[in-house]
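Undergrad: A predicted structure for the sequence below; I have some questions about it.
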Amino acid sequence: MDSGLVRGGIAGKVQISAYHEAGYADQPISWPNLSRLRMTMTVRQCRVAITPMIIVLVLTVAAAQAQTPELLLFGGRDHRVFLGCLNCGRFDPDSVCNRFGEYGSRFSSRSIWNRFGDYGSRFSPYSPWNRLALYPPVIVDRQGNFYGYFTSNRFHPNRTTIRFFLIFLDNVDEVYEDLERARNLFCNQ
């Protein structure tokens, strides 16, 4: 493993080096003067330090998912057409991630992943992939709270601010090139 930062070392140890302008330092170094720092850890110490961080991260993500409401997508001129759940599991029949379901299939007329349908075509006024869509889908939860428009139009005044969704919407050219691949990335498959 040679990333430029991790170099050499003894079997069972990870060695990270940094260099101070005046040479190696055994005392704290201020950031502007830091150009190299030397630190050696055993793999066991590294695991002991990283394992609790991973556990905390997993618990945080699980708690966030448990507290996140189902984000539902509605399309059409008056936003009455249900287009699926954006953050439901891929086996949920209402999920846009269920490739065999009505809302996740690339063949379904109610799928944002169908490039030939009203809600997946780059040219449809109802599609999130159309940068000039007049009626892009809206994101709401079951209580009716509004989370913005699911649209690739960066100038839409009420566009969603959910960062994960914006990654896909802001990269519409790459996404639209292969909607099936985009769905797999979106759904973490």
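TA: Yes, it's here.

Undergrad: which element is L134 on?
TA: L134 belongs to no helix or strand when assigned by DSSP states H and E.

Undergrad: I'd say it and P125 touch.
TA: Yes - under the criterion of C-beta atoms under 8 Å, L134 makes contact with P125 at 4.3 Å. Where C-beta positions appear, they are placed from N, C-alpha and C, glycine not excepted.

Undergrad: more crowded one of the two?
TA: Taking other C-beta atoms under 10 Å, L134 and P125 do not tie; P125 has more neighbours (14 against 10).

Undergrad: What are the boundaries of the strands in this protein?
TA: Assigned by DSSP state E, the strands in the chain fall at 13-20, 34-42, 72-75, 81-85, 138-140, 146-149.

Undergrad: Would you mark the buried spots in the last one?
TA: Of the residues in strand 146-149, those buried under the neighbour-count criterion (16 or more other C-beta atoms under 10 Å) are Y147, G148, Y149.

Undergrad: so can I have JSON lines of the residues you listed showing pLDDT and distance to L72?
TA: Listed next are the buried residues of strand 146-149 as JSON lines, based on pLDDT from 0 to 100; distance: C-beta to C-beta, whole Å:
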{"residue": "Y147", "pLDDT": "97", "distance to L72": "9"}
{"residue": "G148", "pLDDT": "97", "distance to L72": "13"}
{"residue": "Y149", "pLDDT": "98", "distance to L72": "13"}
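
Undergrad: Tell me the one of the residues you listed nearest V138?
TA: Y149 (5.6 Å; C-beta to C-beta).

Undergrad: Who does the closest one form a beta bridge with?
TA: Applying DSSP bridges to Y149 gives these bridge partners: V138, R159.

Undergrad: which residues touch it?
TA: Y149 sits next to P136, P137, V138, I139, H156, N158, R159, T160 when contact means C-beta atoms under 8 Å, 6 or more residues apart in numbering.

Undergrad: So for those residues, which is the shakiest by pLDDT?
TA: Looking at the contacts of Y149 by pLDDT, the weakest one is H156, with 93.

Undergrad: For the nearest residue to I139 once chain neighbours are set aside, give me its contacts.
TA: Nearest residue to I139, sequence neighbours excluded (C-beta to C-beta, 6 or more residues apart in numbering): Y147, at 4.0 Å. Y147 makes contacts with L71, V138, I139, V140, D141, T160, I162, as judged by C-beta under 8 Å, 6+ apart.

Undergrad: what about 7 Å?
TA: Going by C-beta atoms under 7 Å, 6 or more residues apart in numbering, Y147 touches L71, I139, V140, T160, I162.
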